[in-house]
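Engineer: Quick one: sequence plus predicted model below, questions after.
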Amino acid sequence: MTPKFVILWTDVVLLLLVLTLAWYVRHVRRSPNLRSTWGKVLADAPALCSAVVMAAFLVVTLLDSVHFRRALPASATAMAGSAQAYDTRTESLLDAALAGLRNSREASYSKPLAYLGFAKESREVGGQTVRIFPRLAHGGAHLTDPEAQWLPDLALRSAAGAAGGLLVAALAAWLTAALLARQQGSSTGAAFQQIRRNETAIPWRAALFTVAAISVATGVVLALMNVYHVLGTDRTGNDVLLQATKSVRTAFVIGTLATLATLPFAVVFGVAAGYFKGWVDEAIQYAYTTLSSVPNVLLIAACVLMLQVFIDKHPDFFETGAERSDLRIFMLCVILGVNGWASLCRLLRAETMKLRELEFVQAATAFGVSHVRIMARHILPNLMHLVLITTVLEFSGLILYEAVLSYVGVGVDPSMNSFGGMINLARSEMSRDDVVWWSFAAAFGFMVTLVLAANLFADGVRDAFDPRSRAFRPRLKRVVS
């Protein structure tokens with residue numbers, strides 16, 4: 001039976017973002033200057049490795065952004081009427097791929113890779129009631145003698161998964177060497193030796209090591225996740241690995257959409273203030289100074305609470321809970337964008353004031369070119385490197401900001417997985433006598449990996465696109481030496 005595809009607001013925006021990214025890649029390939037600049041980004045080993053990590057997270061995000069509702073069986077459809085009935089739950093391709101984790105719910109907490117429950121329960125053994133750690137319903141359920149079989153089974157499955165990951169990494173290395181050989185007109189073996197000795201312009205060896213690490217880790221997890229809870233379970237018995245993986249999309253949506261929402265306000269107001277000066281500059285300065293004087297958390301909390309009241313009063317606007325949760329995260333991104341444009345606006349205003357006095361702008365003004373055309377054709381292109389640098393830098397900051405907002409209860413909908421929600425729920429778990437640490441550790445590990453990769457990539461972009469940064473570092477090295 002054909003499922004019914006569900007198109008959410010954030011799905012549309014992410015699709016447009018991917019199409020825009022594909023167009024930009026094509027534009028870069030046709031522009032020698034941009035191709036040279038991005039070549040400097042890729043020539044930085046940390047930036048290239050972080051780009052590989054972010055690409056892996058992006059794949060998870062895209063898989064979790066194709067939503068659908070399963071068609072109900074014919075009997076349910078006949079009872080409901082002649083029209084095809086669909087499940088009320090909205091799933092994604094990632095949910096379908098991780099269906100085993102969704103269906104392996106336990107009674108309560110369990111440690112990572114455990115086959116016993118975390119807390120003792122009263123069970124009758126040999127006619128007597130004793131307190132023991134119960135066997136899990138899914139984790140290690142295939143073991144007949146867990147005390148003797150658990151460690152060998154774990155080692156065997158991990159080795160098989162690691163071997164599969166190494167095979168994928170070897171295939172990636174061969175494809176890279178083949179493409180490099182085709183580009184250089186040499187043999188694949190010679191290109192592979194260049195990669196091994198790190199003699200290529202782009203540090204493919206570091207990138208392939210990153211691919212190998214990701215492949216091995218993914219292979220081990222895939223080999224274990226259907227028979228064990230790799231990262232344990234939470235209070236309600238849900239798999240923590242599934243929650244952490246589902247939280248990746250939330251972090252990506254917050255980081256990208258909220259950043260993009262700031263650009264129209266920052267670019268338009270910043271360029272207008274720096275170009276026109278006078279009362280226009282004073283009005284825009286007054287606007288962003290007033291906005292900056294209001295505590296962001298309080299303003300965002302007020303907007304989110306008003307939005308939640310609207311959603312609660314109009315439940316008929318949404319067919320499923322996923323649509324309601326998606327509207328809240330979409331509007332949260334808009335709210336973050338509306339409240340976060342002041343810093344970039346200041347930067348673009350100052351740069352525009354400098355560009356306005358340069359000879360090519362003065363010449364355009366003397367020839368009678370309109371103000372709009374001067375700003376669009378002469379000033380804005382010279383500001384795009386600042387916009388790009390700020391956009392990449394703000395990505396990681398907004399991911400952390402979402403965690404703070406969810407922690408205080410004004411972030412994403414509680415029914416949606418997020419790193420902030422996981423950390424918020426872990427507050428009571430970390431204060432138990434027997435500390436339940438794995439939920440917090442999983443959220444922290446995934447979030448730090450994503451944020452660290454974004455920061456390293458942002459450093460590479462800044463060094464390549466900002467000429468002052470490239471010029472400052474050699475002088476700093478000479479002074480230190």
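Structural biologist: Perfect, thanks for sending it. Because the structure is a prediction, the values reported are computed rather than measured. Numbering: from 1, shown residues only.
Engineer: and residue 151, how many neighbours?
Structural biologist: 10 (other C-beta atoms under 10 Å). C-beta: built from backbone N, CA, C; applies to glycine.
Engineer: Need the pLDDT of it.
Structural biologist: At residue 151, the model reports a pLDDT of 93.
Engineer: Check which helices and strands the helix or strand it falls within is in contact with.
Structural biologist: Assessed by DSSP states H and E, residue 151 sits inside helix 146-184. For helix 146-184, the packing partners by 3 or more C-beta pairs under 8 Å, 6 or more residues apart in numbering; DSSP states H and E come out as helix 188-196, helix 204-224.
Engineer: Check which residues of that helix are buried.
Structural biologist: 146, 150, 153-154, 157-158, 161-162, 164-165, 168-169, 172-173, 176-177, 180-181 (16 or more other C-beta atoms under 10 Å).
Engineer: now swap in stretch 411-418 and tell me
Structural biologist: Going by 16+ other C-beta under 10 Å, stretch 411-418 has these buried residues: 411-413, 416-418.
Engineer: and which of these is nearest residue 300?
Structural biologist: residue 411 (9.2 Å; C-beta to C-beta).
Engineer: So that closest one sits against residue 421, correct?
Structural biologist: Yes - between residue 411 and residue 421 a contact is recorded at 7.2 Å, counting by C-beta atoms under 8 Å.
Engineer: mind putting the helices and strands packed on helix 146-184 in a markdown table, mean neighbour count and distance to residue 280 included?
Structural biologist: Below are the helices and strands packed on helix 146-184 laid out as a markdown table (neighbours: other C-beta atoms under 10 Å; distance: least, C-beta to C-beta, whole Å):
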| stretch | mean neighbour count | distance to residue 280 |
| --- | --- | --- |
| helix 188-196 | 16 | 55 |
| helix 204-224 | 19 | 47 |
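Engineer: averaging pLDDT over each of these, which comes out lowest?
Structural biologist: For these, the bottom mean pLDDT is recorded on helix 188-196, which sits at a mean of 90.
Engineer: Check the burial of residue 317 by counting its neighbours.
Structural biologist: With other C-beta under 10 Å as criterion, residue 317 counts 11.
Engineer: thinking again about what came up before, of all the buried residues of stretch 411-418, the one with the weakest confidence?
Structural biologist: Across the buried residues of stretch 411-418, the smallest pLDDT goes to residue 411, namely 75.
Engineer: Can you name the residues that contact it?
Structural biologist: 304, 332, 402-405, 418, 420-421 (C-beta atoms under 8 Å, 6 or more residues apart in numbering).
Engineer: swap in residue 356?
Structural biologist: By C-beta under 8 Å, 6+ apart, the neighbours of residue 356 are 274-275, 379.
Engineer: Kindly report the same for residue 440.
Structural biologist: By C-beta under 8 Å, 6+ apart, the neighbours of residue 440 are 422-423, 426, 429-430.
Engineer: List only those of the residues you listed flagged as buried.
Structural biologist: Using 16+ other C-beta under 10 Å, the buried ones in these are 422-423, 426, 429.
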